[in-house]
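> Just the structure for this:
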Amino acid sequence: MGKFLITGGTPLKGEIKVSGAKNAALPIIAAALLADEPSRLLDIPDLLDVKNLCYIIKKMGGHVERNGNELLIDPRGLNGLEADHEIARKLRASYYILGVLLAKNGWARTSLPGGCSIGNRPIDLHLKGFKAMGSEVKLDHGIVEVKTSKLTGDRIYLDYPSVGATINIMLAACKAEGQTIIENAAREPEIVDLANFLTVMGAKIKGVGTDIIKIEGVKSLHGEEHRIIPDRIEAGTFMMAAALNNGDVFVRNVLAEHVKPLIAKLHEMGVELKEDISGVYIKGNGRIKAVDIKTLPYPGFPTDLQSQIMVLLTQADGTSLVIETVWENRFMHVDELKRMGADIKIDGHSALLKPSNLTGAEVTATDLRAGAALILAGLVAQGDTEIRDIYHIERGYENIEKKLAQLGGNIRKIN
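Got it, this is the predicted structure:
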């Protein structure tokens, strides 16, 4: 099993390019199965989650071909109605197969999805939507089965603006009879990207980016070419890496409007930033002001950047407060940061951080974003850091060690 070895203390300098967004790529790959023809997807990151979803599609008879960062998805041979259970348990996005197959064939079966263990992540809102559209839902021993003789649009209120539920209901609704209205829908950029792809395929979708999405079902969708948006979480991670250790970095392929909450906080912290049409320039100045952070659904501060900004706040000149409101287990990285000398106290959903001198240690990535935080900590710590269980990190960051090494970071992977 691989590890990352990091020797901290070297400022990052130069230019780095952000990959396509994992959380946009996965639902868009699934959406390509709704078409009657092949689709070509551009800027698809080469990540473990993407490989696993493509494996599921191939096992069901679909054709997937990768050429660099391009994926050709041909759904014409698709004849399976059941996702590979073992692989489906390895990634959260496997549940998008349910919405797609329900729309396409009226029947689908898969195991409950996997992903990071950052909290209770039921799919009850997904199933609530499918039921409202006329489907029977069976959940037995971790296997989900949905079927219908006729998928019909309906008005669906989500108790929480769930990204996964919003996407899954959108996928099913595209081919349902009549209109589907999703109220209290999630507003993340990845949902807008999915809607843009579905729309050029022939879907009729209005209101995306607001909390009410209206979808008029159509009988067929055609294949299209689509470029995935840049990964805002990877962008934010690199921006914070640059702010540590007096870095001087241009983070290219960033849509600044997608990382506004982070940019606002970095400004409050005194980090020098300059937005450009193609990216964001970051320059650390050796002074980081303490700030308070509260995670919220988009457009609030993203929970997926909470663990990384906590590393930055250990280097601030005062006490900071971080409140996590999205996932109950999102402080699992704190014990690992404490091994490196971080002064952090947890009280329920709040973390109090005091200025700390981090030192290298042997630590374990407990989930994807926690692993990214440990890399940032290793880059700023004195001495050597060894990070185990890096498969979590490789689910969401494409060649992160090579990109950081390109900026001068002393990081390497050993197997």
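
> Tell me what the closest residue to residue 313 other than its chain neighbours is bridged to.
Spatial nearest neighbour of residue 313, excluding adjacent residues (Cβ to Cβ, 6 or more residues apart in numbering): residue 320 at 4.2 Å. The way it works is simple: take the backbone N, C-alpha and C, and place the C-beta from them, glycine included. Beta bridges link residue 320 to residue 353, judged by DSSP bridges.

> how close does residue 320 get to residue 343?
Separation of residue 320 from residue 343 (Cβ to Cβ, to the nearest Å): 11 Å.

> returning to that earlier point: what's around the residue nearest to residue 313, how many residues?
For residue 320, the count of nearby residues is 24 (other Cβ atoms under 10 Å).

> what's the answer for the one 10 residues further on, then?
Residue 330 has 24 neighbours, counted by other Cβ under 10 Å.

> I'd say it and residue 305 touch.
No: under the criterion of Cβ atoms under 8 Å, residue 330 makes no contact with residue 305, lying 11.0 Å away.

> For the stretch 1-150 of the chain, which segments count as helices?
22-31, 48-59, 85-88, 96-105, 124-132 (DSSP state H, counting those that start in this stretch).

> Show me what the first one is packed up against.
If I follow you right, that is helix 22-31. strand 39-42, helix 48-59, helix 96-105, helix 163-173, helix 189-200 (3 or more Cβ pairs under 8 Å, 6 or more residues apart in numbering; DSSP states H and E).

> buried set for the second one?
Looking back up the chat, that one is helix 48-59. Neighbour counts over helix 48-59 (16 or more other Cβ atoms under 10 Å) mark 48-50, 52-57 as buried.

> ok, the closest residue to residue 288 other than its chain neighbours - how many residues close by?
Closest residue to residue 288 apart from its sequence neighbours, by Cβ to Cβ, 6+ apart: residue 316 at 4.5 Å. Using other Cβ under 10 Å, residue 316 is surrounded by 19 other residues.

> Can you list phi and psi of residue 316 for me?
Note on residue 316: its backbone torsions stand at phi -80, psi 170 [degrees, to the nearest 10].

> Tell me if I'm right that it and residue 342 touch.
No: checked against Cβ under 8 Å, the pair residue 316 and residue 342 is beyond contact range at 11.8 Å.

> list residues touching both of the two?
Counting by Cβ atoms under 8 Å, 6 or more residues apart in numbering, the contacts common to residue 316 and residue 342 are residue 353.

> Of all the residues in stretch 365-383, which ones are buried?
Using 16+ other Cβ under 10 Å as the test for burial, stretch 365-383 gives 365-381.

> Put the alpha carbons of that stretch into CSV.
Provided in CSV are the C-alpha atoms of stretch 365-383 (Å, rounded to 0.1, in the frame of the first residue of the first chain):
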residue,chain,number,x,y,z
ALA,A,365,-5.5,9.7,6.0
THR,A,366,-8.9,8.8,7.4
ASP,A,367,-10.8,10.2,4.4
LEU,A,368,-10.2,12.1,1.1
ARG,A,369,-10.2,15.7,2.4
ALA,A,370,-8.5,14.7,5.7
GLY,A,371,-5.7,13.2,3.6
ALA,A,372,-5.4,16.5,1.7
ALA,A,373,-5.1,18.4,5.0
LEU,A,374,-2.3,16.1,6.1
ILE,A,375,-0.4,16.8,2.9
LEU,A,376,-0.7,20.6,3.6
ALA,A,377,0.4,20.0,7.2
GLY,A,378,3.4,18.0,6.0
LEU,A,379,4.4,20.8,3.6
VAL,A,380,4.6,23.3,6.5
ALA,A,381,5.8,21.1,9.3
GLN,A,382,9.4,20.9,10.4
GLY,A,383,11.0,17.5,9.5
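
> Run the chain-centre distance for it.
18 Å (Cα atoms, centre = their mean, to the nearest Å).

> going forward can the numbers begin at 18, since that is how I track them
Understood, numbering begins at 18; the last thing we discussed is stretch 382-400.

> what's the neighbour count on residue 326?
27.

> for it, phi and psi?
Backbone torsions of residue 326, given as degrees, to the nearest 10, read phi -70, psi -20.

> Next: the one 3 residues further on.
Geometry field for residue 329 lists phi and psi as phi -60, psi -40, criterion degrees, to the nearest 10.

> Please list all residues in contact with it.
257, 260-261, 286, 305, 393.

> Determine which two of these are furthest apart.
Checked with Cβ to Cβ, the contacts of residue 329 reach their widest spread between 286 and 393, with 14.3 Å between them.

> buried ones in stretch 176-183?
Buried residues in stretch 176-183 (16+ other Cβ under 10 Å): 178-183.

> ugh, typo on my part, it should be stretch 231-247
231-234, 238, 240-241, 243-247.

> quick one: the closest residue to residue 46 other than its chain neighbours from residue 35, how far?
In space, and not counting its chain neighbours, residue 46 is closest to residue 70: 5.7 Å by Cβ to Cβ, 6+ apart. Distance, residue 70 to residue 35, using Cβ to Cβ: 21 Å.

> Also residue 307?
28 Å.

> now do residue 263
On the measure of Cβ to Cβ, residue 263 and residue 35 end up 22 Å apart.

> Other residues contacting stretch 110-118?
Stretch 110-118 has contacts (Cβ under 8 Å, 6+ apart) with 43-44, 47-48, 50-51, 66, 69-70, 73, 98, 100, 104-105, 124-125, 127-132, 140, 143, 147, 161, 163, 181, 184-189.

> Just the mean pLDDT for that stretch, thanks.
Model confidence over stretch 110-118, given as mean pLDDT, is 90.

> and if you look at stretch 316-326?
If you average the pLDDT values across stretch 316-326, you get 96.

> isn't residue 271 right up against residue 246?
No: the criterion here is Cβ under 8 Å, and residue 271 misses it with residue 246 at 10.2 Å.

> who touches both of those two?
By Cβ under 8 Å, 6+ apart, no residue touches both residue 271 and residue 246.

> returning to that earlier point: quick one: which of the helices and strands packed on helix 39-48 is nearest residue 84?
strand 56-59 (9.4 Å).

> of the helices and strands packed on helix 39-48, which approaches residue 372 most closely?
Of those, the one closest to residue 372 (Cβ to Cβ) turns out to be helix 206-217, at 33.6 Å.

> Which SSE is immediately downstream of that closest one?
Using DSSP states H and E, the helix or strand that directly follows helix 206-217 along the chain is strand 221-223.
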